[in-house]
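Asker: output the structure for:
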Amino acid sequence: MKQWLSHTYAASTQRTYASQYRSYARFCQLFSRSMVPADWATLSRYVAFLARSKNPSTIRQYLNIIRILHLQADLPNPLLDNFKLDSLLTGIRRVRGSVQSYKLPVCPNHLSTIRQHLNLDRLCDLQLWAAILVGFFGLLRVSNFTDSEKCARRRDVHMVEEGRRIPIQATK
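Answerer: Purely as a prediction, here's the structure:
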């Protein structure tokens, strides 16, 4: 049974939950709070602790680990229908805002600028240029090239009648 349960979440979700768990465990240790069951004082202080460096939507994501810990312990979810918690998060969002930061897309003029700085007679520049073009025309994210678990590799490229096929293992 333990083997099956270990596959409940995808690897990326497991890493996210592990990060959230470490954050909550560190908070509870620093402030001598019990992780489970989490009372209102623990919840409100943890939210305030997170609000020092995280935006409101991220705080909500970090609270998810508290829900999971309680469900695993067969305890009620302390986040569910919690008016005080929702009010606290609303206040943080009102004061701090919910600014979303977006990365600008690469445009053809960016490609032109990059190309001017490459010497395509050099193998490493040629490989870089090929990767940039695959990313651009494939509408890929940087993680498709840089994340060691998800990135496309040379061995993944398949010759097909229409050209090349590069399977993408995972992406957002």
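
Asker: select the longest helix from the chain.
Answerer: Counting by DSSP state H, the longest helix found in the chain is helix 11-30.

Asker: ok, then the element right after that one?
Answerer: The helix or strand immediately downstream of helix 11-30 is helix 40-51, counting by DSSP states H and E.

Asker: need the contact partners of that next one.
Answerer: Helix 40-51 is contacted from outside by 23-24, 27-28, 31, 33-34, 38, 58-59, 62-63, 66, 78-79, 82, 84-85, 88-89, 92, 96, using C-beta atoms under 8 Å, 6 or more residues apart in numbering. Just so you know, the C-beta spots here come from the backbone N, C-alpha and C atoms, and that holds for glycine as well.

Asker: what ranges does this structure have for its helices?
Answerer: Counting by DSSP H, residue ranges of the helices within the chain are 2-5, 11-30, 40-51, 56-72, 83-96, 108-116, 123-137, 143-146.

Asker: and the ones you listed as a markdown table, adding mean pLDDT?
Answerer: What follows is the helices of the chain, written out as a markdown table (pLDDT from 0 to 100):
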| stretch | mean pLDDT |
| --- | --- |
| helix 2-5 | 83 |
| helix 11-30 | 94 |
| helix 40-51 | 96 |
| helix 56-72 | 94 |
| helix 83-96 | 92 |
| helix 108-116 | 95 |
| helix 123-137 | 90 |
| helix 143-146 | 72 |
